[in-house]
Every structure is written in structure tokens, then in C-alpha cells.
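1. Let me see the structure of the following:
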Amino acid sequence: MRTKVELCGVDTSKLPVLSNEVMTQTFIRLQSGDEFAKDELVMGNLRLVLSLVQRFAYRGEQADDLFQVGCIGLIKSIENFDLKHNVRFSTYAVPMIIGEIKRHLRDHHPVRVSRSLRDIAYKSMRAKEQFITENLHEPTLQQLSVLTEIPREDILFALDAIQEPISLQEPIYHDGGDPVFMLDQLRDEQVSEESWSSYVFIKESISKLDIREQKILAKRYYYGETQTEIAKELGISQAQISRLEKHAIRVIQEQYNIDSH
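-> Here you go, the predicted structure:
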């Protein structure tokens, strides 16, 4: 028994599947002026749309929205398909449906990307799809560069620019217990988790100091200025700078020890 899934009010488990022979006969009827044939072709290919929509499930878009966009691509495919192409309808329709979905995602991308970058990215993706179809494996960046006549750096930058941003709180695995989030998978080989935690804590502690103490610590440990230089800038004595610096450091250390225990 197929699992019932409803998209746009359609029970996908009950969608019909047309054989290639029935599809051909239905197209002949459509191209002879039978408008009912168009509805049959749409209904008979909704499963195709559904399978393509599932490729974009990770984008965070509502499945209903992508399904409707995919249906627009399907209708365009039906209207433009010609039996003289001598190919299966699905072969003709798949790139058109995917193209319609990608245009929708591009136009509704949450991050504004320049038109020139989008053009480079989608030209590269089309070239990649064509290469995979012909060679049955993905092209290297250098091969994409040759195919598109676009520098490798530009392709890499453009493809990176159109990537969907992912929340650090995005669950990427769940086996019935506690979920694993994207944040859990981030790792810096040069900085330990303990060092990173200490950095975050110290930064938060500094933000709680008064403005003058924050400024002194920044000038001393970020800009490398001496106490005498800072005293001259702030118009107070070097002894005062020393006392304020020691007080600020002591507050951070005491707070760190409290939280560590």
C-alpha cells in the first residue's frame, strides 16, 4: 500500500501513471485539438513532478509551493512537446520542470545575489547537468571552466553565492534520541573546543565591564599600546591605567572561575 501524501489537496498515492504507449496516444489526441487530453497528461505526470520536487526538499521551501511551480513547468512541457522529437516525454519534461523550480528558488532567494553572479552560476549548473548526462559522472571545476569559458574562480564564487544559507540549529540527523545539529558538526582543527568556549566566555565578560575598562583592555591587548600611551590618550595617570587594567582582568578571572565550577 502506498503511503498517502497530500500536496495542494492531491492525494499523491492515487495519482495515475501513464504507459509510454498511452502517453503517445494522448498526445496525438491533444495535438488534434482534444483539450481533455491535456488534463489527462497533467494528471498522468504529477508523479514525475513529485519525484523532482523531492530533490529540493532541503531548501526549506514549502513542498506545496514547489509542487505548484513544478506543475507550471509540466504544463509548459506538455504545451511545447512534439512527438517528432522522438524522445520520451519525461526526457523532455524533466529539465523544463527542474528549470522552473530553480528559477523560483533563484527569484525567492533570501540573500540578494547580483544578476551577473546568478547568470554565471546557472550557466555553470546547466553545463554540469549536460556533462553528467553525456559522461555519467560530475565534471571537475577545470572541466566546467573549459565548457563555459568562465574562469574557475568566478564559477566557484558564483556557485557559493547562490547556496541556500543553513541555520546552525538545523537538525541534520535524528535517530529517535537527541537530534544532531549543524552546529555540532563544526570543527576547527587548530582551535580546541575548550579554547573556543573560553573565547566566547571572555568576550561576553568583557562586554559587562564599563566602557573605560573595555577601552583600556582593547588598547592594551588588541592594539598593543603601553599603559603610558593609553594614559596620555585618556588624560589620566599611568597608575590609574594600571589599577583599572588589573581590576578588569581580576573581574574576568573571578567570573571565569565561578562559571568553571
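2. how's this structure carved up into domains?
-> 1-107, 109-182, 193-260 (automatic domain parsing).
3. which of those is buried the deepest?
-> domain 1-107 (a mean of 15; mean count of other C-beta atoms under 10 Å). (Each C-beta comes from the backbone N, C-alpha and C, glycine too.)
4. roughly how far out does that domain sit from the chain middle?
-> Distance, stretch centre to chain centre, for domain 1-107: 25 Å (C-alpha atoms, centre = their mean, to the nearest Å).
5. Same check on stretch 214-227?
-> That offset, for stretch 214-227, works out to 40 Å (C-alpha atoms, centre = their mean).
6. go on, stretch 208-219?
-> For stretch 208-219, the separation from the chain centroid amounts to 39 Å (computed by C-alpha atoms, centre = their mean).
7. For His137, what are phi and psi?
-> Phi and psi for His137, reported as degrees, to the nearest 10, are phi -160, psi 160.
8. Poorly predicted segments of the chain, please.
-> 1-13, 57-61, 106-114, 161-201, 256-261 (pLDDT under 70).
9. which residue ranges form the strands in it?
-> Using DSSP state E, the strands of the chain run over 6-7, 10-11, 171-173, 180-181.
10. neighbouring contacts of stretch 43-59?
-> The contact list for stretch 43-59 (C-beta atoms under 8 Å, 6 or more residues apart in numbering) reads 7, 10, 12, 15-18, 22-23, 26, 63, 66-67, 70-71, 73-74, 78, 89-90, 93-94, 97-98, 101, 105, 164.
11. who touches Ile98 in this structure?
-> Ile98 neighbours (C-beta under 8 Å, 6+ apart): 52, 55, 73.
12. what separates the first one from Lys123, distance-wise?
-> According to C-beta to C-beta, to the nearest Å, Leu52 and Lys123 sit 21 Å apart.
13. again with the second one
-> Counting by C-beta to C-beta, the gap from Arg55 to Lys123 is 20 Å.
14. before we move on, what about the last one?
-> Counting by C-beta to C-beta, the separation of Gly73 from Lys123 is 19 Å.
15. rewinding a little: what about the contacts of Ile98, which are in helices?
-> Of the positions in the contacts of Ile98, 52, 73 sit in helices, assigned by DSSP state H.
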